[in-house]
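Student: What follows is a predicted structure for the sequence shown.
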Amino acid sequence: MRIYLADDTILHALRGTSIAVIVDAPDVRSLANASSSAAQAWVQANVQPYYPDVSIKYIAVGNEVEGDDRHKILLAMQNIKDALSAAGLGGHIKVSTSVKMNVVASSPLPSKGAFAEPSVMGPIVNIYSAMEKEGGPDVPVVISETGWPSADGRGASKDNAMVYNQNLISHVGKGTPKRPVALEAYMFAMFDENQKTGDPIEKHFGL
């Protein structure tokens, strides 16, 4: 599962379970500090007290960051990576970020926005081919977020959400024709978020 805030109650509840977790580190500005002290403090407060009792597999730095902060993402990720290494966790927990699909959908590369296809498996197949072309055929692909809304949008219903999630489980268990092995995937989201602001549809992705 993925949690968008390192909440002590949630992380404590996950102790001793087999649930793999992505933890978001949302404050890109402070994590990009040149001294890296904020990143070290974040890891000490939000990772070390729980790992390995909690199966933290990834740290996602920022979430679909836009504006001037997008230029700070790389430094923030590097600082978190260095902080994990300093804590002896560098080989166990990986660091990534989340970007909006319009970043690649409007780009002339790769393949002139080929990743804009709305299905789940199509973009993965395209990514496999693109990585192979660039000399990285064995790089694993992780689906860090996918789901379907149950209300407040076109095609949003409980029935459609159920079908989507069931089909997703079936697909990731088989992999793709090019790589017929199980895929690692994180479903969005575990619970509805009735207090979430913005587009009303964002409140209705909970399982």
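Tutor: Ah, there it is. Residues are numbered from 1 along each chain as shown.

Student: Helices of the protein, start to end?
Tutor: Taking DSSP state H, the helices of the chain run over residues 8-13, 28-31, 37-46, 73-86, 102-105, 121-133, 158-174.

Student: Mind putting those helices into a markdown table with mean neighbour count and distance to residue 152?
Tutor: Where C-beta positions appear, they are placed from N, C-alpha and C, glycine not excepted. Shown next, in a markdown table, are the helices of the chain (neighbours: other C-beta atoms under 10 Å; distance: least, C-beta to C-beta, whole Å):
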| stretch | mean neighbour count | distance to residue 152 |
| --- | --- | --- |
| helix 8-13 | 13 | 25 |
| helix 28-31 | 19 | 29 |
| helix 37-46 | 18 | 32 |
| helix 73-86 | 20 | 30 |
| helix 102-105 | 14 | 21 |
| helix 121-133 | 16 | 25 |
| helix 158-174 | 14 | 12 |
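
Student: Which of these comes out lowest on mean pLDDT?
Tutor: Mean pLDDT per stretch puts helix 102-105 lowest among those, at a mean of 61.

Student: how about the residue of the chain most remote from its centre, what does it touch?
Tutor: Residue farthest from the centre of the chain, counting by C-alpha atoms, centre = their mean, is residue 35 at 26.2 Å. With contacts defined as C-beta atoms under 8 Å, 6 or more residues apart in numbering, residue 35 has no neighbours.

Student: Number of residues surrounding the nearest residue to residue 151 once chain neighbours are set aside?
Tutor: Nearest non-adjacent residue to residue 151, counting by C-beta to C-beta, 6 or more residues apart in numbering: residue 204, 4.3 Å away. Residue 204: 22 surrounding residues under other C-beta atoms under 10 Å.

Student: Model confidence score at the spatially most central residue of the chain, please.
Tutor: Taking C-alpha atoms, centre = their mean, the centroid of the chain lies closest to residue 144, which sits 3.4 Å from it. On pLDDT, residue 144 comes in at 85.

Student: cool, and the one 4 residues further on?
Tutor: Confidence per residue is given as pLDDT, and for residue 148 that number is 95.

Student: For the closest residue to it other than its chain neighbours, give its distance to residue 3.
Tutor: With C-beta to C-beta, 6+ apart as the criterion, residue 148 has its nearest non-adjacent residue at 3.7 Å, and that residue is residue 164. Note on residue 164: its distance to residue 3, by C-beta to C-beta, to the nearest Å, is 22 Å.
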